[in-house]
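# Model the following, please.
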Amino acid sequence: MNDRNRRYLESGQRCRQWIADNSALIPAGSLFETKTTQFTALVDDVENVAGEAAAFTGEGLSATDVKGSERLDMIELMTKIRNAARAAEPDHPGTRDRYRFSRTMSHQVLLATGRSFAEGGVDDLALLVSYGAPGSWPDHMTMACQEYEDSFGQQDSAVSSRIGKNAELSEKINQMTALKATIGHLVKNYCAGNTAALASWTAAAHVESPPKKKPPTP
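Have a look, this model is predicted:
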């Protein structure tokens, strides 16, 4: 949750508590009761959506971790294949050039390179195994590439879900804020003369200002 939404939610939570503490001032069956009941339910809803958004954020971080893990697994296998190709180079010139890669390659380039390694198994399976590559390394390489590519989808899905849930959260925050303003006018009418109730509502409805940014250090 961003700082703006957090501050507005905290204000809404204080107003919900005010409604609970001052229920005796809210006539049963009145529009005041209807609006405050709606507001209480809306704050509850905002809290639920905020929790879901936080869960999607955690899911996105988890998907990023998976992506990193799958990348490392693939690099480890590619390194073994590359080492075998380098060892084979003196006796089989050109082998080394077919199995080059860099750890700093982008995700898509690394994935494409891993697939080219797997395709090389058509001609070089037995050769590279004889120089220390893992047995059935083309199959292992194909599987590693697939798992790595699948991790892209997991991360993209988590990001999409998080964006959608944050948009829903912002919309409900706006609805809550608009309803709070309406209730604020009703409070002035229904609680006229009750200085304590009016003052406590004003304090509850107040939204804290964002923290001031520190000036850059000269």
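# Now do the end-to-end distance for stretch 191-200.
11 Å (CA to CA, to the nearest Å).
# pLDDT at H92, what is it?
We have a pLDDT of 95 for H92.
# Give me the secondary structure label for it.
Secondary structure assignment for H92 (DSSP: H, G, I helix; E, B strand; the rest coil): coil.
# Spit out the contact partners of the nearest residue to it once chain neighbours are set aside.
Closest residue to H92 apart from its sequence neighbours, by CB to CB, 6 or more residues apart in numbering: L127 at 6.5 Å. Just so you know, the C-beta spots here come from the backbone N, C-alpha and C atoms, and that holds for glycine as well. L127 is in contact with A88, H92, T95, counting by CB atoms under 8 Å, 6 or more residues apart in numbering.
# Look up how far A118 lies from Q108.
Distance, Q108 to A118, by CB to CB, to the nearest Å: 16 Å.
# so where is this structure shaky, pLDDT-wise?
Scanning the chain for pLDDT under 70 picks out 1, 55-67, 153-162, 210-218.
# show me where it has helices.
All helices of the chain, identified by DSSP state H, fall at 3-21, 31-88, 95-98, 107-130, 137-190, 195-205.
# coming back round to it: list just the nearest of the contacts of L127 to L31.
Distance to L31 across the contacts of L127 (CB to CB) is lowest for T95, with 82.6 Å.
# So that closest one is in contact with R82, correct?
No. Counting by CB atoms under 8 Å, T95 stays clear of R82, with 10.2 Å between them.
# circling back: so for Q108 and A118, which sits in the more crowded spot?
Remark: of Q108 and A118, A118 carries more neighbours, 21 against 10, as counted by other CB atoms under 10 Å.
# how about F101, what does it touch?
Counting by CB under 8 Å, 6+ apart, F101 makes contact with I75, M78, R82, L110, T113, G114, F117.
# How about T182?
Each residue near T182 by CB under 8 Å, 6+ apart is listed here: K35.
# What separation is there between it and P138?
67 Å.
# Could you do P27 as well?
Distance from P27 to P138, counting by CB to CB: 78 Å.
# Looking at those two, which is more packed in?
Taking neighbours as other CB under 10 Å, P27 and P138 compare with P138 leading, 19 against 10.
# My read is that that one contacts D123, right?
No. Judged on CB under 8 Å, P138 makes no contact with D123 at a distance of 10.2 Å.
# Not counting its neighbours along the chain, what's nearest A197?
Nearest non-adjacent residue to A197, counting by CB to CB, 6+ apart: C191, 4.3 Å away.
# And for the one you found, the neighbour number?
When counting by other CB under 10 Å, one arrives at 18 neighbours for C191.
# One more: N83?
Residue neighbour count, defined by other CB under 10 Å, stands at 15 for N83.
# is it true that it touches G132?
Yes. Counting by CB under 8 Å, G132 is a contact partner of N83 at 6.7 Å.
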